[in-house]
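Peer 1: Sequence and computational prediction follow.
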Amino acid sequence: MSVRPDTAANAMRTVHVDLAGRSYDIAIGPGLIDRAGVLSAGLLAAPRVTIVSDETVAPLYGERLAASFRNAGVDAGLVAVPAGESSKEFTSFGRLMNDLLDRRPDRKATLVALGGGVVGDLTGFAASVLLRGVDFIQVPTTLLAQVDSSVGGKTGINTRHGKNLVGTFYQPRLVVADTGVLDTLPRRELLAGYAEVAKYGLIDDPEFFAWCEANAAALLAGDAAARTRAIEQSCLSKARIVAADERETTDLRALLNLGHTFGHALEAETGFGPDLLHGEAVAAGMAMAFDLSVRLGLCPAADAERVRAHLAGVGLPMRLRSIGGDNRRVWDSAKLINHMRGDKKAESGRLAFILARGIGKGFMSRAVDEAVLQGLLADAIAA
Ligand SMILES: NC(=O)c1ccc[n+]([C@@H]2O[C@H](COP(=O)([O-])OP(=O)(O)OC[C@H]3O[C@@H](n4cnc5c(N)ncnc54)[C@H](O)[C@@H]3O)[C@@H](O)[C@H]2O)c1
Ligand SMILES: [Zn+2]
C-alpha cells in the first residue's frame, strides 16, 4: 500500500448527495481503494459483494479492492466484462446478468462497480433490475466517472437507436473516488475527463474556473491535493444540481449539458468511436457554445477566448480539422445541425443550447438564430 490508512483518512474529503431516502456520500482522496471495504461495511445488507469491472481495470485494481473488502470481513467475488463501450450492448448486458445470477445472489447482495463510466452505467443498471433491485456501490476509476457519471444516479445501456436509451435512475449507496488510480489512466482519457471538470466552473462557478486555470497542470501531473479538490468541487456542483432536479425535469439539470449539443453532434459524426472521446467533444463543444454566445451578443469575447485558451492549453483538441488523426474528415455543417435536432433537449425541431453570458453564467436557450449557428459552424470547419 503506498498510502497508510491514517494518511488516507486525513486526506479524505466527503461530499454528501442529499436525496431524502436515497442520500449517499462520495468519499474522495488518495489510496481510498484500500479503505473501500471499511467505508462500505456498515452500509451492506449482508457481508458479501460482487465487484463488476472491465478486463483492463480488473487486473490493475480488482484484487486490491477485493482484499479491502475481505479485510473488513466482507466476502468479495469479481466479474469482468470486456473494456469499452461495447459492454453496454444488450447482449453483453444479458451475459453479465447470467454471470451474476450464476453466483446465486439474494436480495441482500451488493454490486460494486470498479471502472469507468461504462462499468458504472452497466453495473448500476444491472443492480437496478437484478432480483428487481439490489444495492450498488461505485468505485469510479476514470476522472470522467469520478466527476460525472458516478454521481447523479443515471444508469443505462445502448441500443441500435442510440446510447443510454434503456436505463434507470438508480442511486448508489456510496461512491469511493480514489485519486491514485488515475495514475494508470491514459493521458488522453484523463484530459477528456478534465473537460467535464472545467465545465462545472464554466456553468456557474467562475472562481472554480480560475482555480482550474491555475491548477490544471498540477492536477494532470498527478498532484493528489489538486485532484481531490477538483473532484470534490465537481461532485459538489453536480450533487447540488441533481438534488434539486433528480430526474431531469427542469432546465436546471440541463445546464450540465454545456458543450454537449455541439459535442454530441461531433461525436455522432465520428461514430462515437476512438477518433473523438466524449470529453474531447465536450471541450470543443464548450468553446463553440461560448463562441455562439459571443456571436449572439450575449457574452464578452474575452471570456470565450479565455475558455478556448485554457482548454487548448491543457492539450484538448479544439480545432475540428485536428480531430481524427489519420481519419480526418470533411465536416459538413448541415449534417452537424441535423444531429443537433436529434438532441434530447430539442423540442419539436427547435434546437436547444446551453449558452453563457460569461464564465460561470450558463443558461438554457431555445432561441438561437440558425443563421448565426450556420455562420459559426462554417467558420469552425474552416478554422
Ligand atoms: N451515467 C451518467 O450520468 C454518465 C455521464 C457521463 C458519461 N456516462 C457514460 O460513461 C461512459 C464513458 O465513461 P469513461 O470515459 O469513464 O469510459 P470507460 O469506462 O470506457 O473507460 C475508458 C477506458 O479507460 C480504462 N480505464 C478505466 N480506469 C482506468 C484506470 N484507472 N487505469 C487505466 N485504465 C483505466 C477502461 O478500461 C477503458 O478502456 C459512456 O458510456 C457514457 O455514456 C454516463
Ligand atoms: Zn458529458
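Peer 2: In hand now; what should we look at? Ligands and ions are numbered 1, 2, ... in the order given.

Peer 1: which element is Ala27 on?
Peer 2: Per DSSP states H and E: Ala27 is located in strand 24-29.

Peer 1: Actually, Cys299.
Peer 2: Cys299 belongs to no helix or strand when assigned by DSSP H and E.

Peer 1: Let me know how buried it is, in neighbour terms.
Peer 2: 22 (other C-beta atoms under 10 Å). The C-beta positions use only the backbone N, C-alpha and C, and glycine is treated the same way.

Peer 1: residues contacting Phe353?
Peer 2: Thr261, Ala289, Leu292, Met364, Ser365, Arg366, Val368 (C-beta atoms under 8 Å, 6 or more residues apart in numbering).

Peer 1: on that earlier part again, got the contact list for the strand holding Ala27?
Peer 2: 8, 11-17, 35, 39, 146, 150-151, 171-179, 224, 228, 231-232, 235, 239.

Peer 1: Would you mind naming what in the stretch 251-383 of the chain lies close to ligand 1?
Peer 2: Contact residues, the stretch 251-383 of the chain versus ligand 1 (C-beta under 6 Å from any ligand atom): His278.

Peer 1: hmm, try it at 5 Å
Peer 2: By C-beta under 5 Å from any ligand atom, no part of the stretch 251-383 of the chain sits against ligand 1.

Peer 1: residue boundaries of the helices in the stretch 251-383 of the chain?
Peer 2: 251-254, 260-269, 278-295, 301-314, 333-341, 370-382 (DSSP state H, counting those that start in this stretch).

Peer 1: Out of the ones you listed, indicate the one that is most buried.
Peer 2: Highest mean neighbour count among these (mean count of other C-beta atoms under 10 Å): helix 278-295, with a mean of 26.

Peer 1: could you say what helices and strands that one packs with?
Peer 2: Judged by 3 or more C-beta pairs under 8 Å, 6 or more residues apart in numbering; DSSP states H and E, helix 278-295 is in contact with helix 187-204, helix 260-269, helix 301-314, strand 353-356, helix 370-382.

Peer 1: Hey, what's the angle from it to helix 187-204? Just curious.
Peer 2: Using axes from the mean of the first three to the mean of the last three C-alpha atoms, to 10 degrees, the inter-axis angle of helix 278-295 relative to helix 187-204 is 40 degrees.

Peer 1: starting at the chain centroid, how far to helix 278-295?
Peer 2: Distance, stretch centre to chain centre, for helix 278-295: 17 Å (C-alpha atoms, centre = their mean, to the nearest Å).

Peer 1: cool, stretch 375-382 as well?
Peer 2: With C-alpha atoms, centre = their mean, you get 28 Å for stretch 375-382.

Peer 1: quick revisit: pipe the helices and strands packed on helix 278-295 into a markdown table and attach mean pLDDT and distance to Gly324 per row.
Peer 2: As requested, those are exported to a markdown table (pLDDT from 0 to 100; distance: least, C-beta to C-beta, whole Å):
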| stretch | mean pLDDT | distance to Gly324 |
| --- | --- | --- |
| helix 187-204 | 97 | 13 |
| helix 260-269 | 94 | 10 |
| helix 301-314 | 98 | 17 |
| strand 353-356 | 96 | 24 |
| helix 370-382 | 95 | 13 |
